[in-house]
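# here is a sequence with its predicted model. Questions after.
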Amino acid sequence: MNFYIDRLNNELRNILNFWYKHVFHDQCIASEVYSGGTINKGAPTGSLFLSKILYGVSAASRHLKENQYIPLADKAYIDLTTTFKNPKGGFYWAINNNGKIIHDELNVSYAQTFIAYGLIEYYALTANEQVKELLSEQISFIESILVDKEDGSLMDGFHQDWKPSISQSKSLGTHLHMLETYVKLSEVIKDGSCNMKIENLLELILTHFINNKNCEVIQNFDNQWNAMPGENWIGHNMELGWSICRAARSIRNEQLYKKCSQIAIEICNKAIELAFDKQYGGMFNRFDKKELIVTDKEWWTQSESVIGFLNAYSLTTDKKYLSYAIRLLEYIDNIFSDAIDGEWYDSVSRDGTPYLDKPKVHFWKSLYHNVLYCLETSNYLQKLYVGAGEKV
């Protein structure tokens, strides 16, 4: 397995080298970059994009024990804190190339949770007390403004001044990244007060976002917990499966861990049946319930699926899940990763042809999913083949 771990570390450097060479351009961060380093200077920059840089560079630098990429994280932190800080609290959604604020009331809450996540990883890298103070401020802001005081859920749908909009809702993405934030906070800060927050959020996710009858994942609700119509995203489902297992394990709640493990395994089974392309390989992502609506394959779905299958294998020792993880690892290597120019393609056609007219780096594709894939896959392989495996 050292062969795979070495490959994953080299892949991580392949990704970061592209960013350092082409995205960190003239000591500025470009927000849309194509193969070969062509930059779209008119593209807006998002706070979510910058926070994922914070996460990706910090986590990768800690894992590789290499410092050459850290100036990119430092620049992302400077841009985030000097340009995107909202005087009303939290951070703006995005800013265009002319300095005008762009607001997205549906997604701005989601960005706040990931900003906290990125700050945790950056603090773990730097041990900078100012970062820790900003992190504490951001967590407090989320808990005081975004959390529904009646049931502890997180609300989407705010104006720029953080007054609620008339169309508030609750999304899986916001809840999932807040759960991951609390777990990461508990690991890095060693804050025992996170345990109850993790447990409460886990219970809420298991109660509302997963249909207990058929283990199907529900992506969005209105503010009264009525399910909203929308697509079924395999990538989110797989991310949910391994994330809830990690959260339950982090608080050593055996009852919750058992329940989360069963859900994660069933999510993987459904993903194999519904989304694995038996002809060309790779995972489809977008469905209307069980009907495939897009045959192109997206980079992030492959990443989350590998982690999800490795998690299922660690829970069951069923080699079926390991087989799918390795098949996807090879698929990523052969189809998505650009070994010559660096980074991954955004998406490919069903037969694996990359869309070269799409940027490799853009508003929604930053240093998160493929960095996470390299780190988590490497960690799982280390534990499964070098160590004795994970226990509650």
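Yes, it's here.

# quick one: low-confidence parts of the stretch 251-392 of the chain?
Applying pLDDT under 70 to the stretch 251-392 of the chain picks out residues 386-392.

# by contact count, what packs against the longest strand along the chain?
Identified as the longest strand of the chain according to DSSP state E is strand 164-171. Identification of packing neighbours for strand 164-171 by 3 or more C-beta pairs under 8 Å, 6 or more residues apart in numbering; DSSP states H and E yields strand 156-158, strand 220-222. In this view, the C-beta of every residue, glycine as well, is placed from N, C-alpha and C.

# ok, then the element right after that strand?
Counting by DSSP states H and E, the element after strand 164-171 in chain order, helix or strand, is helix 172-189.

# taking strand 164-171 as reference, get the angle to that following helix.
80 degrees (axes from the mean of the first three to the mean of the last three C-alpha atoms, to 10 degrees).

# average pLDDT for helix 172-189?
The predicted model assigns helix 172-189 a mean pLDDT of 97.

# buried residues of it, list them for me.
When burial is assessed from 16 or more other C-beta atoms under 10 Å, helix 172-189 yields the following buried residues: 172-186, 189.

# return the member of those residues nearest to residue 210.
Nearest to residue 210, judged by C-beta to C-beta, of these is residue 172 at 9.4 Å.

# what distance do you get for that closest one to residue 235?
Taking C-beta to C-beta, to the nearest Å as the measure, residue 172 falls 11 Å from residue 235.

# the helix or strand encompassing residue 8: how far from the chain's middle?
Secondary structure from DSSP H and E places residue 8 in helix 2-18. Its chain's average C-alpha position is 19 Å from that of helix 2-18, according to C-alpha atoms, centre = their mean, to the nearest Å.

# what is the burial count for residue 44?
17 (other C-beta atoms under 10 Å).

# same question, residue 278
Residue 278 has 6 neighbours, counted by other C-beta under 10 Å.

# my guess is residue 80 contacts residue 54, does it?
Yes: if you go by C-beta atoms under 8 Å, residue 80 and residue 54 touch, sitting 7.3 Å apart.

# and residue 281, that's in a strand?
No: using DSSP: H, G, I helix; E, B strand; the rest coil, the assignment for residue 281 is coil, not a strand.

# contact partners of stretch 341-358?
Applying C-beta atoms under 8 Å, 6 or more residues apart in numbering, the external contacts of stretch 341-358 come out as 14-15, 17-19, 21-22, 34-36, 277, 280-282, 295-299, 332, 334-338, 359-362, 365, 370.

# could you redo the last one with a cut-off of 6 Å?
Applying C-beta atoms under 6 Å, 6 or more residues apart in numbering, the contact partners of stretch 341-358 are 14-15, 17-18, 35, 280, 295-299, 335-337, 360, 365, 370.

# what residue of the chain is the furthest out?
Going by C-alpha atoms, centre = their mean, the residue of the chain most distant from its centre is residue 98, 28.6 Å out.

# what about that one, which SS state?
Classification of residue 98 using three-state DSSP returns coil.

# phi, psi of it?
phi -100, psi 10 (degrees, to the nearest 10).

# that one and residue 273, how far apart?
From residue 98 across to residue 273, the span is 48 Å (C-beta to C-beta).

# name the element the closest residue to residue 126 other than its chain neighbours belongs to?
The shortest distance from residue 126 to any residue other than its chain neighbours is 7.8 Å, reached at residue 58 (C-beta to C-beta, 6 or more residues apart in numbering). Assigned by DSSP H and E, residue 58 belongs to helix 47-64.

# could you list every helix and strand in contact with the helix or strand just after that helix?
As assigned by DSSP H and E, the chain's next helix or strand after helix 47-64 is helix 70-83. Here helix 70-83 touches helix 47-64, going by 3 or more C-beta pairs under 6 Å, 6 or more residues apart in numbering; DSSP states H and E.
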